[in-house]
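Novice: The sequence and its predicted three-dimensional model are supplied below.
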Amino acid sequence: MEGKLIFCSDAILRFQSDYDETSAVPLLSIQNTIANTDPFFLLRFFHHTTLIEEGRTLASIFLAIEPWKALLAAYLDRDVGAYIDEVRKPSGPTTWDIEWIGIDRRSSVYRAYKRQEMEEGEDFSAYFNRDRFPTDEFDIESSCDASGFIKGDKERWSISGDIHEIKNLPVILYSKQTLMTSAKDGLLKKSISGVKSSKHSCFVYGDTSFSFSGVMEAIFISGLFFYAPRDAAGSLDELKASLAGLEEELAEVPETESADNETDKETTIVVAEGAFDSLTAHMETEAEEWQSIKKLCQREGELPIRIGSIKMAEPAEPAEPAEPAELRLCGKIIRG
């Protein structure tokens, strides 16, 4: 069916046909009418354009997707049902300054740099402060994110931590997407009409839209981030404890006056002791879990496990070993 999904003011997800823009029918009613026994009915609409009616809150969006919480939990790898249950609980007064949740799409293009691989026993500070060498390629990234915003404040704020602080905030979809690059790379010229600039970057913007799956990923993966509300609350408590400890340490350090030319100095990256401990612990846990799963598959699975490296499909190798491989980009053959 051609049309769009709309999160409506009464916490119902509706479908509006491209051939009838005067009405919007509850998606659950459509499912019950034409595909009541299809557990994957919602998948048909994952790539449909999605809109949010003015004033809709995060909690109302959660309630609207409740009929499909099991499917969405499997797709997003988040406990969607737990988030829905949590927003139904009573909340006290909010303490955060965030005024609304915005979902936007951003792309960036920056010169790709490389440095030698980290040596055994080398500390992170030394590695990150090594000289980097520019390449002929670029790092191209695109993301669709959900963040908190405050009127008059240019910063974006995390919405993970305490669902009760944000559940009653309105959610909006920004209709403009941006493409940003470094001013020093010169990919975008400030003299060209439509190119905007900030302190170190240049950017352009244009219209965009969001699919249902994109909105769900932005909210649950980019925005809320944690698997379930209890995980978010635990992480927030740890962060508060770490911040309190850091404030105590800073209070004991005497203030020093900065030299006038300090801003001209090259930035040095300092990695605090234990900064990557939580990441290391996470990686170790993941590795142990994977080894356990692999052993179970070896013991009980019927299909063979591949051992060793697997060569990926790549552009055809040239007839002569000395010739570079052909890569086709935008109608051109790039040899490299």
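Specialist: Great, that's in hand.

Novice: which residue ranges form the helices in the stretch 1-150 of the chain?
Specialist: Applying DSSP state H, counting those that start in this stretch to the stretch 1-150 of the chain gives helices spanning 27-34, 58-64, 69-76, 80-87, 124-128.

Novice: Buried residues of the shortest one, list them for me.
Specialist: Of the residues in helix 124-128, none is buried under the neighbour-count criterion (16 or more other CB atoms under 10 Å). Heads up, the C-betas are built off the backbone N, CA and C, glycines and all.

Novice: Ok, the third one next?
Specialist: Burial within helix 69-76, assessed by neighbour count using 16+ other CB under 10 Å, is assigned to Lys69, Leu71, Leu72, Ala73, Tyr75, Leu76.

Novice: tell me the contacts of the nearest residue to the fourth one once chain neighbours are set aside?
Specialist: Beyond its immediate neighbours in the sequence, the residue positioned closest to Ala73 (CB to CB, 6 or more residues apart in numbering) is Val80, lying 4.4 Å away. For Val80, the set of contacting residues under the criterion of CB atoms under 8 Å, 6 or more residues apart in numbering consists of Phe62, Ile65, Lys69, Ala70, Leu72, Ala73, Phe220.

Novice: go with 6 Å
Specialist: Residues in contact with Val80 (CB atoms under 6 Å, 6 or more residues apart in numbering) are Lys69, Leu72, Ala73.

Novice: circling back to that earlier point, can I get the helices of the stretch 1-150 of the chain in CSV with mean pLDDT and distance to His47?
Specialist: CSV is the format used below for these (pLDDT from 0 to 100; distance: least, CB to CB, whole Å):
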stretch, mean pLDDT, distance to His47
helix 27-34, 96, 14
helix 58-64, 97, 18
helix 69-76, 97, 13
helix 80-87, 97, 19
helix 124-128, 77, 40
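
Novice: is it true that Ser17 touches Ile6?
Specialist: No - contact criterion CB atoms under 6 Å: Ser17 and Ile6 do not qualify, at 11.5 Å.

Novice: out of those two, which sits in the busier spot?
Specialist: Taking Ser17 and Ile6 together and counting by other CB atoms under 10 Å, Ile6 has the greater number of neighbours (20 against 14).

Novice: so the more buried one makes contact with Leu51?
Specialist: Yes - Ile6 sits in contact with Leu51 when judged by CB under 6 Å, with a separation of 4.8 Å.

Novice: Which of the three states applies to the residue most central in space within the chain?
Specialist: Nearest to the mean C-alpha position of the chain, by CA atoms, centre = their mean, lies Ser222 at 3.5 Å. For Ser222, the assignment made with DSSP: H, G, I helix; E, B strand; the rest coil gives helix.

Novice: And for the one 5 residues further on?
Specialist: Classification of Tyr227 by three-state DSSP places it in coil.

Novice: per-residue pLDDT, it?
Specialist: With respect to pLDDT, Tyr227 has a value of 93.

Novice: quick revisit: will you turn the helices of the stretch 1-150 of the chain into TSV that also has distance to Phe212?
Specialist: Formatted as TSV, the helices of the stretch 1-150 of the chain follow (distance: least, CB to CB, whole Å):
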stretch	distance to Phe212
helix 27-34	10
helix 58-64	11
helix 69-76	10
helix 80-87	14
helix 124-128	39
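
Novice: Mind checking those for the one nearest to Ile166?
Specialist: helix 58-64 (5.9 Å; CB to CB).

Novice: What segments of the stretch 201-336 of the chain are helices?
Specialist: Under the criterion DSSP H, counting those that start in this stretch, the stretch 201-336 of the chain contains helices at 212-217, 229-252, 277-300.

Novice: and the ones you listed, which is most packed in?
Specialist: helix 212-217 (a mean of 21; mean count of other CB atoms under 10 Å).

Novice: neighbouring contacts of that helix?
Specialist: Against helix 212-217 from outside (CB under 6 Å, 6+ apart): Leu5, Phe45, Phe46, His48, Thr50, Cys144.

Novice: which residues touch the third one?
Specialist: Taking CB under 6 Å, 6+ apart as the definition of contact, the neighbours of Phe46 are Phe212, Ser213.

Novice: pLDDT at it, what is it?
Specialist: Looking at Phe46, its pLDDT stands at 98.

Novice: what's the neighbour count on Ile65?
Specialist: With other CB under 10 Å as criterion, Ile65 counts 22.

Novice: could you pull out the strands for the stretch 101-250 of the chain?
Specialist: Assigned by DSSP state E, counting those that start in this stretch, the strands in the stretch 101-250 of the chain fall at 133-149, 171-173, 176-182, 196-197, 201-207.

Novice: Okay, and the beta partners of the residue nearest to Thr208 when sequence neighbours are not counted?
Specialist: Leaving aside its sequence neighbours, Thr208 sits nearest to Gln177 (CB to CB, 6+ apart; 3.8 Å). Beta-bridge partners recorded for Gln177 (DSSP bridges): Gly206.

Novice: what's the pLDDT at Gln177?
Specialist: With respect to pLDDT, Gln177 scores 95.
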